[in-house]
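>>> Prediction below, plus the sequence it came from.
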Amino acid sequence: MLAAACSSTPQVSRLSRADSWASAKAPALVGAHPMPIGGYSAGCLNGGRSVQDGPGLLLMRTSRNRTYGHPVLVEFVQTIGKAAVDKGLGTILIGDLSQPRGGPMKSGHRSHQIGLDVDVWFRRLPPGKNGKPEPTLATFEREKLGSPSVIQDDHLHTEHWSASSGTLLELFASRSEVDRIFVNPVIKRELCIQLQQSGKKDWLRKIRPWWGHDSHFHVRLKCPAEAVLCRATEKIPAGDGCDESLNWWFSEEAAELANQSEPAEPPILPNECESVLDQL
Ligand SMILES: [Zn+2]
């Protein structure tokens with residue numbers, strides 16, 4: 001009792017706690033319409049749906065139960081899978097989306113909270129040839145298989161990166177639903193160099209540098225038009241991002257920040273998330 005009275009640890013609200021959301025094993029719909037509620041790193045998902053395997057698309061790490069998204073994201077992922085097949089890019093491997101009701105996660109991500117973020121592996125399965133069916137993976141393979149880094153010694157890995165990796169990024173970035181895509185700064189820099197000569201680099205603007213993201217890229221969709229409770233991220237600065245702002249990512253300051261491991265403050269979720277969490 002004394003310990004509790006003297007404790008200096010502030011009470012973290014039920015809505016801010018990752019375990020509250022991890023224990024919701026199925027999605028919930030409050031009201032008539034699905035809705036991302038709050039911000040990408042402080043919110044929840046009303047009316048989530050699970051992405052399923054489909055043409056050009058396999059879900060990885062399914063035991064985590066993070067295959068849920070707003071219906072707009074689910075449809076987007078399925079459409080991209082088909083487009084990847086049409087372009088001969090093989091089968092895309094999908095990592096985490098959101099938990100069934102979104103919210104903060106116990107591990108792995110700060111964002112992915114409102115059903116509009118999805119991680120896509122750089123690793124793909126080659127297309128089925130000569131009329132053979134598209135490849136699939138057993139459940140244990142989805143848990144065990146990894147995605148190697150596409151970076152080696154500060155450059156693109158000659159084995160794990162190919163021109164088709166860039167084509168895949170372009171496929172995603174060219175879609176109007178996509179707000180931005182996070183990749184490792186080395187990938188951004190190399191794409192800037194490669195595409196400097198060609199006029200077709202508008203899509204590079206959406207490719208944003210961030211730490212990590214060398215074995216997968218993170219695709220973030222815009223708030224859907226009717227989603228009044230969805231909080232958009234600040235706008236991407238003008239230009240393709242192949243300028244001095246990119247140099248910062250290779251500075252000492254950026255390296256120091258990358259090594260800091262201060263625990264993040266618990267996110268403050270909108271009150272509307274309470275009924276999503278409490279729905280039976
Ligand atoms: Zn991500």
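Structure's in. What do you need? Numbering: from 1, shown residues only.
>>> can stretch 87-106 be found next to the ion?
No: Stretch 87-106 lies out of reach of the ion by CB under 5 Å from the ion, never closer than 6.4 Å. The way it works is simple: take the backbone N, C-alpha and C, and place the C-beta from them, glycine included.
>>> and the nearest residue to Gly38 once chain neighbours are set aside, what helix or strand is that in?
Excluding the flanking residues, the one nearest Gly38 by CB to CB, 6 or more residues apart in numbering is Pro270, at 4.5 Å. Assigned by DSSP states H and E, Pro270 belongs to no helix or strand.
>>> and Pro270, how many neighbours?
For Pro270, the count of nearby residues is 16 (other CB atoms under 10 Å).
>>> ok, it to Arg14 distance?
14 Å (CB to CB, to the nearest Å).
>>> related to what we said a few turns ago, which residues touch the residue nearest to Gly38?
Each residue near Pro270 by CB atoms under 8 Å, 6 or more residues apart in numbering is listed here: Ile37, Gly38, Ala42, Gly43, Cys44, Leu229.
>>> What about the residues you listed, which are in strands?
Secondary structure from DSSP state E places Ile37, Gly38, Ala42, Gly43, Cys44 of these in strands.
>>> pLDDT value on the second one, please?
Confidence at Gly38, expressed as pLDDT, is 98.
>>> ok, it touching Ser111?
No: applying CB atoms under 8 Å as the test, Gly38 and Ser111 come out as separate, 11.2 Å apart.
>>> For the two, indicate the residue with more neighbours.
Counted by other CB under 10 Å, Gly38 and Ser111 do not tie: Gly38 has more neighbours, with 25 against 20.
>>> what bridges to the more buried one?
Per DSSP bridges, the residues bridged to Gly38 are Gly43, Cys230.
>>> which ones are touching it?
Contacts for Gly38 were tallied using CB under 8 Å, 6+ apart; they are Cys44, Gln113, Ile114, Leu229, Cys230, Arg231, Leu269, Pro270, Glu272, Cys273.
>>> measure the closest residue to the fourth one other than its chain neighbours to the ion for me?
Distances taken as CB to CB, 6+ apart put Ile37 closest to Leu229, at 4.6 Å, once the chain neighbours are dropped. Here the criterion is CB to the ion, to the nearest Å. By it, Ile37 lies 19 Å from the ion.
>>> From Leu73, how far off is Ile37?
Per CB to CB, Ile37 is found 14 Å from Leu73.
>>> The closest residue to the ion within the stretch 1-150 of the chain: neighbouring residues, count only.
Residue nearest to the ion within the stretch 1-150 of the chain (CB to the ion): Asp119, separated by 4.2 Å. Neighbourhood size, Asp119 [other CB under 10 Å]: 23.
>>> And Lys188, by the same measure?
Around Lys188 there are 24 residues (other CB under 10 Å).
>>> That one is in what secondary structure piece?
Lys188 belongs to helix 185-195, assigned by DSSP H and E.
>>> Pull out the buried residues from that helix.
Across helix 185-195, burial judged by 16 or more other CB atoms under 10 Å covers Pro185, Val186, Ile187, Lys188, Arg189, Glu190, Leu191, Cys192, Leu195.
>>> Tell me who's in contact with the residue lying closest to His109 once chain neighbours are set aside.
Nearest residue to His109, sequence neighbours excluded (CB to CB, 6+ apart): Asp96, at 6.6 Å. Contacts for Asp96 (CB under 8 Å, 6+ apart) come out as Arg61, Arg64, Arg66, Gly108, His109, His112, Val118, Asp119.
>>> What's the ChimeraX syntax to select whichever of those residues are buried?
If you want just the buried ones from the contacts of Asp96 in ChimeraX, going by 16+ other CB under 10 Å, the selection is:
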select :61,64,66,109,112,118,119
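>>> Identify the residue with the minimum pLDDT among the contacts of Asp96.
When the contacts of Asp96 are compared, Gly108 shows the smallest pLDDT, 81.
>>> so that residue is in which element?
Going by DSSP H and E, Gly108 is not in any helix or strand.
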